[in-house]
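Enquirer: Task: produce atomic coordinates for the following.
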Amino acid sequence: MTRFVEGFEGVIDSANSPKLIAFFRVGALATYQFESGLRLVAPIPNDDLVSGVAVVDFAAGPASGIFGPGFITQADVPGETAFIRHKGGNISFDFGGAKVYVVGGYVDTDGATPPGIAAFDAAGNLVSGLVTMSVPIEDGTPTTSR
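Expert: Just a heads-up that it's a prediction; the model follows:
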């Protein structure tokens with residue numbers, strides 16, 4: 001089994017991922033596919049840069065000191081230059097029909113609702129999932145569903 005971590009780098013300015021400084025509003029018009037094959041499927045259309053889904057890429061422009069009470073720098077992003085953020089509600093991805101057995105993420109939140117991760121099969125049945133308390137950004141501990 002191959003292990004892959006989506007780093008969210010490589011997003012380019014387009015009608016479906018318009019850029020503002022270092023922020024890309026992925027899925028602005030339709031499902032958005034990242035280089036790895038991971039696809040953002042909700043919320044679509046992603047029409048709110050403030051509370052919607054954004055890929056923030058330090059390689060694309062200045063992005064320090066944003067989102068929530070913390071001060072996010074590139075050093076806070078585990079091994080990469082970009083991260084994805086969402087300021088409310090659910091965010092859904094799929095893998096375009098590929099077989100996936102484990103999902104996970106590096107999770108941080110400034111809200112009271114603990115983040116959750118769930119994996120579903122093609123029929124919509126829950127394969128695995130968890131709800132976890134977030135950790136301070138400086139800990140960078142991975143949260144994995146098995």
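Enquirer: if I look at Y101, how far off is F4?
Expert: Here the distance between Y101 and F4 works out to 12 Å (Cβ to Cβ, to the nearest Å). (Each C-beta comes from the backbone N, C-alpha and C, glycine too.)
Enquirer: and the most centrally placed residue in the chain, what is it in contact with?
Expert: Nearest to the geometric centre of the chain sits I84, at 3.6 Å (Cα atoms, centre = their mean). By Cβ atoms under 8 Å, 6 or more residues apart in numbering, the residues touching I84 are 8, 26, 53-56, 91.
Enquirer: pLDDT of the helix or strand hosting it, averaged?
Expert: I84 belongs to strand 82-86 when assigned by DSSP states H and E. Averaging pLDDT along strand 82-86 yields 84.
Enquirer: One more: stretch 17-27?
Expert: Averaging pLDDT along stretch 17-27 gives 92.
Enquirer: What about Y32, how many residues nearby?
Expert: A count of nearby residues for Y32, using other Cβ atoms under 10 Å, gives 23.
Enquirer: same deal with the one 5 residues further on?
Expert: Using other Cβ under 10 Å, G37 has 14 other residues around it.
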